[in-house]
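[1] when you get a sec, could you give me coordinates for this:
(chains A and B)
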Number of protein chains: 2
Amino acid sequence: MRDISSNFRVTREDLARFMQAVLKAVGANQASANAVTRALITASRMGTDSHGLRLLPHYLQALKGGRINGAPNMRFHQRLAATGFLDADDGLGHLAGYTAMEHAMEMAAEVGMGAVAVGNSSHFGAAGCYALAAAERGYLGMAFCNSDPFVLLHDGAKPFHGTNPIAFAAPVAGEAPYLLDMATSSVPWNRVQQYGAIGRELPDQVAADVNGQVSRVPSEVAALLPLGGSAFGFKGAGLGGMVEILSSMLSGMQHGFQLPHGRARYGHAAWSRAFFLAMNPDAFVDEGTFARGLAEYLADLRAQPAAEGGRGASTGGSRMALPEQTRYRRHPARCRQSVSLCRNC
Amino acid sequence: MRDISSNFRVTREDLARFMQAVLKAVGANQASANAVTRALITASRMGTDSHGLRLLPHYLQALKGGRINGAPNMRFHQRLAATGFLDADDGLGHLAGYTAMEHAMEMAAEVGMGAVAVGNSSHFGAAGCYALAAAERGYLGMAFCNSDPFVLLHDGAKPFHGTNPIAFAAPVAGEAPYLLDMATSSVPWNRVQQYGAIGRELPDQVAADVNGQVSRVPSEVAALLPLGGSAFGFKGAGLGGMVEILSSMLSGMQHGFQLPHGRARYGHAAWSRAFFLAMNPDAFVDEGTFARGLAEYLADLRAQPAAEGGRGASTGGSRMALPEQTRYRRHPARCRQSVSLCRNC
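    Next up, the predicted model:
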């Protein structure tokens, strides 16, 4: 007997039609419904299942309850030729993200680069979606966002940062973009829940109990460790801090630690701040130079030999192979130099 | 008996005078001598000893041998209002770095942000120096650079990236700037050499032998693992890739893997590419908003409790405590949220 939960298939078009219909039924306008549909399908196709289709019910519930504004009047305040602020009017973070990146690209077309800080927004799904949106149009794209706290500082006892992701994408001539989309913790919170549900031990050095002591037992876990674990977590914590400063301080909003912890984080407006940056790669050196250089780099990268037997085999599903050899490649945007972070962001 | 090597002290002024004199004696012009002196003293004062004073002899030798141009004619090509390229004319990377950041800040003053890619440059010391230079003038600063390869890809067998550092600094009202300065490997190459010299085992998951298998024995080590180790090294490798793309491709130069490996890397011009970015924090939201937000964030950060006993005690010198509790604080620019990376970049 085939398992319908793993073998069920639907065309992208039918799925999009369904998602738009239900989003509109709970008050999303066309632009908002389009943005959520695009972001969730993109995330699921690139394998970031944690931030893909499974989140739809959360957003529907938040729209229904009125905690997110389905028909926001987002206002962009351009401050200087390369910078601006987007007030997302308590709307969906996906619409805010695509809108902000659109403004950043317009500025990058004019002056070479542009950046937009976003406030009064809500959960935007996977950061990679917005970096990709830039790269698909020929720009280098970067996206950052904070959240309520559930990651420890290095040697800290209590959660302070969110998983504060970093996404970076670059256009590749004739191919899907290069993409990095990573949390600044080693694993996402839902990995803890998933392992708990199947009675499995967590990898070492990724989570801690209520006293900040490392624990591999999901039921004991109260917080995540920053990337780098007990020994080198100051790097993950530092990256998380950089993301916090770009997201919260440049948007003039509260930082993540001031937000209530552990509530239904997908369902609240004004709980998310973000920062988006676009650069025109041909605004630094002669046209075409960037594209040629990146093609050469990717060719060398893909020619690299793998370590015999790998090094990551013991990590419970996190092992990533070299590009073109990875098993996470439902979408071509993955699989660039072992940085498809589908299970980790 | 006191050990002169650890107790010898010299005033900053005398040290600077000495450094400038010897640099000028081997052909550095005033601007180059000033830049090297400023960068090396800054690195040593912030505790990045690996990239501090100890590098002076390398630079002197390279200048003497003519491999680095002590009197370069660096040319800045502004491309658009926010972007440009600096041809460093085979000069010292320190002068190139400060010069590039100066141009980036000028653009940020005009249009809110600016970025400069640098080519035909040489080793610039610690990336944090140039991010700090921006923050000291009220800008957010970022600096990136690549090098010849000695870090493995995730599950890769051979070195591919350099330690490709990321530096980020932000101005803090009435205090030294916030600073993150980190390699995208867990440890620097000189840690391996240092541990080898004192017969000590390396921490786990930071280095590998010639076949790409993890090794803690310094004499066996042929390469470094990316940050995250065997389990999560795809994050470190991905960050290293981002740095490579920003540094090499935006400057139109060869990427790190195409550079000869393991030669005297401080002593060669044209072996280093870098990327610098400056942003005016008041070009996003109302003036003063950023400064107030960052002060609140740092106050919350410093009030965080430490995990009892710490988590990093077993890591052989890498343990970092919470801000204000760290033992690495020779310079106030350190000690922001456990991200003083003095031993690791």
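[2] number of nearby residues for the nearest residue to A:Val285 once chain neighbours are set aside?
    Leaving aside its chain neighbours, A:Val285 sits nearest to B:Gly252 (3.8 Å; criterion: CB to CB, 6 or more residues apart in numbering or on different chains). Any C-beta I mention is one placed from the backbone N, CA and C, and that applies to glycine too. Other residues lying near B:Gly252 total 19 when counted by other CB atoms under 10 Å in any protein chain shown.
[3] A:Ala299 now?
    A:Ala299 has 9 neighbours, counted by other CB under 10 Å.
[4] wondering if the top helix by length along chain A reaches chain B at all.
    In chain A, taking DSSP state H as the definition, the longest helix is helix A:93-111. Yes - Helix A:93-111 lies within reach of chain B by CB under 8 Å from any CB of the partner chain, at A:110-111.
[5] chain center to that helix, what's the gap?
    Put simply, helix A:93-111 sits 17 Å off its chain's centre (CA atoms, centre = their mean, to the nearest Å).
[6] now do that helix against helix B:93-111, angle only.
    If you take axes from the mean of the first three to the mean of the last three CA atoms, to 10 degrees, helix A:93-111 sits at 100 degrees to helix B:93-111.
[7] which helix or strand lies directly C-terminal to helix A:93-111?
    strand A:113-121 (DSSP states H and E).
[8] which secondary structure elements does the very next helix or strand once past that next one sit against?
    Toward the C-terminus, strand A:113-121 is succeeded by helix A:128-135 as the next helix or strand (DSSP H and E). Applying 3 or more CB pairs under 8 Å, 6 or more residues apart in numbering or on different chains; DSSP states H and E, one finds that helix A:128-135 contacts helix A:30-45, helix A:93-111, strand A:140-145, strand A:166-170, strand A:178-182.
[9] any chance of those in JSON lines, with mean pLDDT and distance to A:Gly196 too?
    JSON lines is the format used below for the helices and strands packed on helix A:128-135 (pLDDT from 0 to 100; distance: least, CB to CB, whole Å):
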{"stretch": "helix A:30-45", "mean pLDDT": "95", "distance to A:Gly196": "23"}
{"stretch": "helix A:93-111", "mean pLDDT": "98", "distance to A:Gly196": "27"}
{"stretch": "strand A:140-145", "mean pLDDT": "97", "distance to A:Gly196": "26"}
{"stretch": "strand A:166-170", "mean pLDDT": "96", "distance to A:Gly196": "27"}
{"stretch": "strand A:178-182", "mean pLDDT": "92", "distance to A:Gly196": "23"}
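[10] any chance of the ones you listed in TSV with distance to A:Ser247 as columns?
    Formatted as TSV, the helices and strands packed on helix A:128-135 follow (distance: least, CB to CB, whole Å):
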stretch	distance to A:Ser247
helix A:30-45	17
helix A:93-111	12
strand A:140-145	5
strand A:166-170	11
strand A:178-182	15
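[11] can you put the ones you listed in JSON lines and add mean neighbour count?
    Output for the helices and strands packed on helix A:128-135, formatted as JSON lines (neighbours: other CB atoms under 10 Å in any protein chain shown):
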{"stretch": "helix A:30-45", "mean neighbour count": "22"}
{"stretch": "helix A:93-111", "mean neighbour count": "25"}
{"stretch": "strand A:140-145", "mean neighbour count": "29"}
{"stretch": "strand A:166-170", "mean neighbour count": "28"}
{"stretch": "strand A:178-182", "mean neighbour count": "29"}
